[in-house]
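Q: got a predicted structure here, sequence first:
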Amino acid sequence: MRKVNLFLACILYFVASHTLAQTVYYEADQFPLLGKVSEETETRYERLPACLKERCRPPLWNLGKNSSGLAIRFRTNSKAISAKWEVAGDNHMNHMTDTGIKGVDLYAWEKDHWQPVKAGLPTGKTNERVIISNMTPQEREYMMFLPLYDGVISLSIGIDTTACIQNPALPYPDTTHPILVYGTSITQGGCASRPGMSYTNILARKLNREVINLGFSGNGQLDYEIAELMATRRDASMFILDFIPNVNTTQLTEKTETFFNILRKANPDTPILFVETIIFPHSFYDKKTCEAITEKNRLLKEEYEKIKREGDKNVYYLTGDDLTGNDGEATVDGIHLTDTGFARMAEKLILAINRIEKINN
């Protein structure tokens, strides 16, 4: 009898263990998505509304398909969390990790901050990963950042079959007054090692507010269509303009004021912050690069001062002198940032944002 009971106990243990190890997937489109300027997109996980497809330059439109700055929010009591996702391009670059380009990055809310859990490492165009396992089975709130330099065709979240998954209960990050950031490849997230380390995603976590990423690699060229799109967000708490590396001196002097005025006409009281380009470390040796960025920063300051002289009292300026530190260790290739560079830049931006909001409150 004892042998029979022991045999049954072993069978029950095996069945229970097998059941607990199974994963059930839920389509992520049933959970809130943060970081979009408009919901009128061709597919869910992209940044530009469909109405711009025939209006804006093709490179700009294509980069809008990248999911930089987008994040899924959910809660679950699962002991393990997995993800299945398909990317549009299966992109690779020689100076950025595949995880930053096309991986996903999971965070959990712990008491008063977003705590890194683990990134989902991509294997190709289609991916399935157990991101974390062996957790205590308690309900937690999660945020999953999406790829920085690729598009997402589909995404589902996996949990234990014995667990449940729901919409978030906490209103974090706050979506009522987003910050919109316009810029270049650095703004888009080049070259963070994982999605959570781009500076706009760091801002979203540290400020616990929605930050909308409108960074377009090589194409932050003051396109008026983007200014018009940004201007539609009358609920924005701030516009940050970080475009200098992608414009030449002619574009800068001819287009900056018009771009600004499009935003200002629709949002007369919203703070607008101009950001100089970072000081590229190699410009210490490359005198041509040093002259180019010095001149463009000088011209941006002139545009800012002209706007101030015309009476705008809610426009601000952040110099590039110490945005990423002075030790030359903040970039991958002399231009695009490492995680260290992004963390330093986010810290400077947070100080500027807090200062501006203190003035306006």
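A: Now that the structure is in, tell me what you want to look at.
Q: domain parsing for the protein?
A: Listed by automatic domain parsing, the domain ranges of the chain are 23-166, 174-360.
Q: list the residues that contact the nearest residue to Ala352 once chain neighbours are set aside.
A: Excluding the flanking residues, the one nearest Ala352 by CB to CB, 6 or more residues apart in numbering is Leu318, at 5.0 Å. For every residue, glycine as well, the C-beta is placed using N, CA and C. If a contact means CB atoms under 8 Å, 6 or more residues apart in numbering, then Leu318 has Leu273, Phe274, Val275, Glu276, Lys348, Leu349, Ala352 as its contacts.
Q: ok, and the closest non-adjacent residue to the fourth one?
A: The reference is to Glu276. Once flanking residues are discounted, Glu276 sits nearest to Gly320: 3.5 Å by CB to CB, 6+ apart.
Q: which residues touch the one you found?
A: Per CB under 8 Å, 6+ apart, neighbours of Gly320: Ile244, Val275, Glu276, Thr277, Ile278, Ile279, Ile293, Asn297.
Q: can you tell me which of those is nearest Asp235?
A: The shortest gap between Asp235 and any of these belongs to Val275, at 21.8 Å (CB to CB).
Q: so where do the strands sit in the stretch 51-200 of the chain?
A: Taking DSSP state E, counting those that start in this stretch as the criterion, the stretch 51-200 of the chain contains strands spanning 71-76, 81-87, 104-110, 113-120, 126-132, 140-145, 152-160, 165-166, 174-183.
Q: identify the residues contacting the closest residue to Arg55 other than its chain neighbours.
A: Sequence neighbours aside, Glu225 is the residue nearest to Arg55 in space, at 5.4 Å (criterion: CB to CB, 6+ apart). By CB under 8 Å, 6+ apart, the contact set of Glu225 is Leu52, Arg55, Cys56, Leu60.
Q: and for Cys164?
A: Contacts of Cys164 (CB under 8 Å, 6+ apart): Thr76, Asn77.
Q: ok, now how distant is the residue nearest to the spatial centre of the chain from Tyr182?
A: With distances taken as CA atoms, centre = their mean, the residue of the chain nearest its centroid is Gly69 (2.5 Å). Distance of Gly69 to Tyr182, computed by CB to CB, to the nearest Å: 12 Å.
Q: ok, and the closest non-adjacent residue to Ile350?
A: Ile350's closest residue in space is Lys206 (CB to CB, 6+ apart), at 5.8 Å.
Q: same check, this time on Tyr25
A: Distances taken as CB to CB, 6+ apart put Ser156 closest to Tyr25, at 4.3 Å, once the chain neighbours are dropped.
Q: doesn't the residue nearest to Ile350 belong to a helix?
A: Yes. Under DSSP: H, G, I helix; E, B strand; the rest coil, Lys206 falls within a helix.
Q: can you give me the helices for the protein?
A: Counting by DSSP state H, the chain has helices at residues 2-21, 58-64, 98-102, 185-188, 199-207, 224-231, 249-266, 287-309, 339-360.
Q: now the ones you listed in TSV, with mean pLDDT and distance to Arg73?
A: Formatted as TSV, the helices of the chain follow (pLDDT from 0 to 100; distance: least, CB to CB, whole Å):
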stretch	mean pLDDT	distance to Arg73
helix 2-21	46	26
helix 58-64	98	22
helix 98-102	98	21
helix 185-188	98	22
helix 199-207	98	11
helix 224-231	98	23
helix 249-266	98	28
helix 287-309	97	36
helix 339-360	98	20
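Q: can I get the ones you listed in TSV with distance to Tyr142?
A: TSV is the format used below for the helices of the chain (distance: least, CB to CB, whole Å):
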stretch	distance to Tyr142
helix 2-21	20
helix 58-64	26
helix 98-102	18
helix 185-188	24
helix 199-207	12
helix 224-231	29
helix 249-266	33
helix 287-309	39
helix 339-360	21
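Q: for these, which one sits closest to Thr41?
A: Thr41 lies closest to helix 58-64 among the helices of the chain, at 8.3 Å (CB to CB).
Q: and the closest one, what's buried?
A: Going by neighbour count (16 or more other CB atoms under 10 Å), the buried part of helix 58-64 is Leu60, Trp61, Asn62, Leu63, Gly64.
Q: what do you get for stretch 111-124?
A: Buried residues in stretch 111-124, counting neighbours by 16+ other CB under 10 Å, are found at Trp114, Val117, Lys118, Ala119, Gly120, Pro122.
Q: re earlier: are any of the contacts of Glu225 buried, and if so which?
A: Buried subset of the contacts of Glu225 (neighbour count, 16+ other CB under 10 Å): Leu52, Cys56, Leu60.
Q: now the second one, nearest residue through space, not along the chain?
A: Setting aside the residues directly before and after it, Cys56 is nearest to Glu225 in space (CB to CB, 6+ apart), at 4.6 Å.
Q: again with the last one
A: For Leu60, ignoring the flanking residues on the chain, the nearest one in space by CB to CB, 6+ apart is Asn219 at 5.0 Å.
Q: cross-check the contact I'm expecting between that neighbour and Pro59.
A: Yes. Under the criterion of CB atoms under 8 Å, Asn219 makes contact with Pro59 at 5.3 Å.
Q: Ile165 against Arg73, yeah?
A: No. Using CB under 8 Å, Ile165 makes no contact with Arg73, being 11.4 Å away.
Q: burial measure for the nearest residue to Phe243 once chain neighbours are set aside, as a count.
A: In space, and not counting its chain neighbours, Phe243 is closest to Gly220: 4.1 Å by CB to CB, 6+ apart. Gly220 has 26 neighbours, counted by other CB atoms under 10 Å.
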